[in-house]
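[1] Provide a 3D model corresponding to the input given below.
(chains A, B, C and D)
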Number of protein chains: 4
Amino acid sequence: MLPGFLARAVEVLLGREGRSLHLKAAGGATAVLAVAMLLGSWAVVDAEQGAPRANLKTYPQALWWSIETATTVGYGDFYPVTLGGRLIGAVMMVVGITTYGMVTAALATWFVGREQKRRHHLAHAARELSEETAHALHERFDRLERMMAGRSEER
Amino acid sequence: MLPGFLARAVEVLLGREGRSLHLKAAGGATAVLAVAMLLGSWAVVDAEQGAPRANLKTYPQALWWSIETATTVGYGDFYPVTLGGRLIGAVMMVVGITTYGMVTAALATWFVGREQKRRHHLAHAARELSEETAHALHERFDRLERMMAGRSEER
Amino acid sequence: MLPGFLARAVEVLLGREGRSLHLKAAGGATAVLAVAMLLGSWAVVDAEQGAPRANLKTYPQALWWSIETATTVGYGDFYPVTLGGRLIGAVMMVVGITTYGMVTAALATWFVGREQKRRHHLAHAARELSEETAHALHERFDRLERMMAGRSEER
Amino acid sequence: MLPGFLARAVEVLLGREGRSLHLKAAGGATAVLAVAMLLGSWAVVDAEQGAPRANLKTYPQALWWSIETATTVGYGDFYPVTLGGRLIGAVMMVVGITTYGMVTAALATWFVGREQKRRHHLAHAARELSEETAHALHERFDRLERMMAGRSEER
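    Numbering: from 1, shown residues only, chains lettered A, B, ... in the order given. Predicted coordinates:
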C-alpha cells in the first residue's frame, strides 16, 4: 500500500507536462527523498537488528535518524553500525544533499528568470524598432514611386 | 510582545515593494528562520519537559540547540528525544536549509545580473546601430528626391 | 593498481571534449571526491594508528567515516584525534562541500540554459525578421529600377 | 603580526580591480572565513577557560573545532559550553555557510557565463547581418543615382 501511494505521489509531482524542467526536477527530487527516507527507515531497522552495539532499533527512532541524516545534521544520538545500515545511510545522505542542490538551483533559475523579464521587454522594444524602420522605408519608396509616376504624367 | 516584534520585522523585510524577488525571498526566508528558531526554542523546552532522558531543559540551551540544528552542525550535545521535540527539530532543519538555499540562489542571481550588464551594453549598441542605419537610409531617400526634383526643374 | 584505476576514472570523466564546462567540472569534482575519500580512508587509519584515544582503526570504519565527513553529517561515532588525521579530515570536508557546490551550480546552469532556449527562439525570430526586411527593401529597389528603365524606353 | 598578515591577505584577494564581482565576493568571503576561524579559535579558548565542563581547552583543539564548525560537520568531540563560546560558534557557522553559498553562486555564475558565450556569438552574427544589410542598401542607392545621372547625361 505504501509503495503504491508513493509511486502515485511521484507521478503527481512529475506528471505535469506543462511545468518547467527545474520545477519538475526539484519536485521529483523531493519525492525521491521522501521515498528514500520512508523506505530507508524501514530497511535500516531490519539491517541493524541483532548487531551487538546497534542503537537504531525501532521505526520511530529510524525515521528521526533518517531526517537527521538527510539534512546532514547528524547529532550522533542514532547511527548505523552494520555494513547494510551504513550503505542505506550513505544513499540517504547523497539523496538528501542532491535534493537540496536541486531546490537551490531551481530557486536560482526562478530568480534569474524573473530578473530577465525586464531584459525581455528590451528585446521586444528592439524588435518593434526594427519593424518601425522597415515600415518607414517602405513609405519612402511609395512616395518616390508616386513622384516618378507624377513626372511621367506631367510630361 | 515577541510575536508582535517579529511580525513587524517580517513586514519590514518583505514590505519594500521596489526590491527584486530574489532579495525579498532571501530576506523573507531569513526572517522566517529567525522566527522559527525563537519560537522553536521556546516550544522544544515545553515538549521535552518531563521526558526521562531529556537534555534540552532550559531556554538558553534550546536557543543554542536551534542554532546548531538550523545550520545542520549538530554536535550532539543537545537533541530532542520526544516526538513533539523531534517534529520541531525537523521543521527547523528544513527551514534552515531552505533559507541557505534561497540566500545562495539570491547571490547567484545578483552575480549573474552583474555579469549580464556588459551584455546589456552590447544590446544597446545593436539598437543604436539599427537607429543609425535607419537614419542613413532616410538621408539617401532625401538626396534621391532632391535629385529628381532638380532634374524636373532643369528641364 | 588503485591509483591507476582512479587516474583512469578521472580521465574518462574529464576527457570528453564535447561536453560543457559545468558538466566537466561537476564530473571532475565528483571523481576527485571519490579519490579523496578512498585515499583518505586509507591514510587516516595509518595516521591514527597508535594514538591513545584513537577510534578510527579499521579500513571499513574509515570509509564510513569518510562518507560521514564528506557529506558533513558527522555523527561523532568516529573522528580523528591526531594532527595528521585531522588534516586529512579537513581536506575531505572542503573537497566534499566544493563538490556539492559544483553539482548545485551545474544543475542551476542546466536549468537556466533550458529556460533560455525559449528566449533563443525569440532571438532567431528577430533575425528572420531582419532578413525579411532586407529582402523586401531589395525588391522595392528592383521595382524602382524597372520603372526607370521602362520610362527610358518609352521615350 | 597575525592581524596584519590577515589584513594583507584580504587586501590581496579584494584588491584586484579588474576581477568580476562574483570572484571578488567568493575570494573575500573565503578570506573573512579564514580570519573568523583563526580569531575564533583563539577567542573560544579564552571564553571557555574555567567553565566546569569545558572541553575546548587548547589552541590546536580549538582550530580543529573551528574547521568542524565552519564546515557544519560537528562530530561532537568538541563544542562550546559557555555563552561567549557559543556566540563565537554561531558566528563561525553563519560565516561558513555564507562562504559556501558565495562559492556555489560564483561557480554558477562562471558556468552560466561560459554557456552564454555561444549566445554571444549569435548576437554578434545578428549585428554583422544588420551591418551587411545596411551596406547592401547603400549600394542600391548608389546604383540608382548613377542610373539617374546617366539618363540626365544621355538626354
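
[2] which bits of chain A sit near chain B?
    Applying CB under 8 Å from any CB of the partner chain, we find that chain A lies next to chain B at A:60, A:64, A:67-68, A:71-77, A:100, A:103-105, A:107-108, A:110-112, A:114-115, A:119, A:122-123, A:125-126, A:129-130, A:133, A:136-137, A:140, A:143-144, A:147-148, A:151. C-beta: built from backbone N, CA, C; applies to glycine.

[3] Sticking with residue A:92, tell me its helix or strand.
    Using DSSP states H and E, residue A:92 sits in helix A:83-154.

[4] what's the neighbour count on residue A:101?
    Applying other CB atoms under 10 Å in any protein chain shown, we find 25 residues neighbouring residue A:101.

[5] Can you give me the distance of it to chain D?
    According to CB to the nearest CB, to the nearest Å, residue A:101 and chain D sit 9 Å apart.

[6] Ok, residue A:74 next?
    In terms of CB to the nearest CB, residue A:74 sits 7 Å off from chain D.

[7] Please verify my assumption that that residue contacts residue B:74.
    Yes: if you go by CB atoms under 8 Å, residue A:74 and residue B:74 touch, sitting 5.0 Å apart.

[8] is the helix or strand where residue A:25 lies up against chain D anywhere?
    Under the criterion of DSSP H and E, residue A:25 resides in helix A:21-48. No: Helix A:21-48 does not reach chain D (CB under 8 Å from any CB); its nearest approach is 12.8 Å.

[9] hmm, who's touching stretch A:77-91?
    Residues lying outside stretch A:77-91 but in contact with it, judged by CB atoms under 8 Å, 6 or more residues apart in numbering or on different chains, are A:36, A:40, A:43-44, A:47-48, A:51, A:53-56, A:61-62, A:64-65, A:68-69, B:76, B:79, B:81, C:60, C:64, C:67, C:75, C:77.

[10] residues in contact with the residue lying closest to residue A:100 once chain neighbours are set aside?
    Excluding the flanking residues, the one nearest residue A:100 by CB to CB, 6 or more residues apart in numbering or on different chains is residue B:97, at 5.5 Å. Residue B:97 is in contact with A:71, A:100, B:72, counting by CB under 8 Å, 6+ apart.

[11] Kindly state the pLDDT recorded for residue B:97?
    Per-residue pLDDT puts residue B:97 at 95.

[12] same question, the one 5 residues further on
    According to the per-residue confidence, residue B:102 scores 94 in pLDDT.

[13] give me the number of residues near the nearest residue to it once chain neighbours are set aside?
    Counting by CB to CB, 6+ apart, residue B:29 is the residue found nearest to residue B:102 once chain neighbours are left out, at 4.3 Å. By the measure other CB under 10 Å, the count of residues near residue B:29 is 22.

[14] is it true that residue B:29 touches residue B:105?
    No: counting by CB under 8 Å, residue B:105 is not a contact partner of residue B:29; they are 10.0 Å apart.

[15] Worst mean pLDDT across the helices and strands of chain A, which element?
    Within chain A, no helix or strand scores below helix A:2-14, which has a mean of 55 by mean pLDDT, DSSP states H and E.

[16] Checking the residue in chain A that chain D sits nearest to next. Helix, strand or coil?
    With CB to the nearest CB as the measure, residue A:76 is the residue of chain A nearest to chain D, at 5.2 Å. At residue A:76 the chain is in coil, as set by DSSP: H, G, I helix; E, B strand; the rest coil.

[17] if I pick residue A:94, what's in contact with it?
    residue C:71.

[18] still on that earlier bit, drop anything exposed from the residues of chain A next to chain B.
    Among the residues of chain A next to chain B, those that count as buried by neighbour count (16 or more other CB atoms under 10 Å in any protein chain shown) are A:64, A:67-68, A:71-77, A:100, A:103-105, A:107-108, A:110-112, A:115, A:123, A:126, A:130, A:133, A:137, A:140, A:144, A:148.

[19] Around the nearest residue to residue A:71 once chain neighbours are set aside, count how many other residues there are.
    Closest residue in space to residue A:71, ignoring its immediate chain neighbours: residue B:93 at 4.1 Å, by CB to CB, 6+ apart. A total of 21 residues lie near residue B:93 under the criterion other CB under 10 Å.

[20] so residue B:93 sits right up against residue B:69, yeah?
    Yes: at 5.9 Å, residue B:93 counts as touching residue B:69 under the criterion of CB under 8 Å.

[21] Please enumerate the shared neighbours of these two.
    With CB under 8 Å, 6+ apart as the test, residue B:93 and residue B:69 both reach residue A:73.

[22] quick revisit: and for residue A:74 and residue B:74, which residues touch both?
    Common neighbours of residue A:74 and residue B:74 (CB under 8 Å, 6+ apart) are A:68, C:74, D:74.

[23] my guess is the second one contacts residue C:96, does it?
    No: between residue C:74 and residue C:96 there is no contact under CB under 8 Å: 10.9 Å.

[24] how near is residue A:79 to residue A:45?
    According to CB to CB, to the nearest Å, residue A:79 stands 13 Å off from residue A:45.

[25] More neighbours: which of these two?
    Under the criterion of other CB under 10 Å, the comparison of residue A:79 against residue A:45 puts residue A:79 first, with 25 against 19.

[26] Now that one: phi and psi?
    Here is the backbone geometry of residue A:79 (degrees, to the nearest 10): phi -160, psi 150.

[27] residue ranges with poor pLDDT in chain A?
    Applying pLDDT under 70 to chain A flags residues A:1-18, A:118-129, A:151-155.

[28] mind running it again at 50?
    A:1, A:16-17 (pLDDT under 50).

[29] Could you tell me which residues touch both of residue A:79 and residue A:45?
    Listed as contacting both residue A:79 and residue A:45 by CB under 8 Å, 6+ apart are residue A:56.

[30] hang on, the earlier thing: show me what contacts the residue nearest to residue A:71?
    Residues near residue B:93 by CB under 8 Å, 6+ apart: A:67-68, A:71, A:73, B:69-70, B:72.

[31] Just to be careful, could you list which of those residues are in helices?
    Counting by DSSP state H, the contacts of residue B:93 place A:67-68, B:69-70 in helices.

[32] Could you measure from residue A:79 over to residue A:93?
    For residue A:79, the distance to residue A:93 equals 12 Å [CB to CB].

[33] give the contact list for residue A:63.
    Applying CB under 8 Å, 6+ apart, the residues near residue A:63 are A:37-38, A:41.

[34] Centre of the chain to the helix or strand hosting it, how far?
    Element membership of residue A:63 [criterion: DSSP H and E] is helix A:59-70. Put simply, helix A:59-70 sits 25 Å off its chain's centre (CA atoms, centre = their mean, to the nearest Å).

[35] Using CSV, write out every CA atom in that helix.
    Extracted in CSV, the C-alpha atoms of helix A:59-70 (Å, rounded to 0.1, in the frame of the first residue of the first chain):
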residue,chain,number,x,y,z
TYR,A,59,10.8,2.6,13.4
PRO,A,60,10.1,6.0,15.1
GLN,A,61,13.8,6.2,16.0
ALA,A,62,14.8,5.2,12.5
LEU,A,63,12.5,7.9,10.9
TRP,A,64,14.1,10.5,13.2
TRP,A,65,17.5,9.2,12.2
SER,A,66,16.6,9.5,8.5
ILE,A,67,15.6,13.1,9.0
GLU,A,68,18.9,13.9,10.8
THR,A,69,20.8,12.1,8.1
ALA,A,70,19.2,13.5,5.0
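
[36] who wins for most neighbours among the contacts of residue A:63?
    Within those, residue A:41 tops the neighbour count with 22 neighbours, counted by other CB under 10 Å.

[37] right, and it touches residue A:59 too?
    Yes: contact criterion CB under 8 Å: residue A:41 and residue A:59 qualify, at 6.3 Å.

[38] Noted, bye for now.
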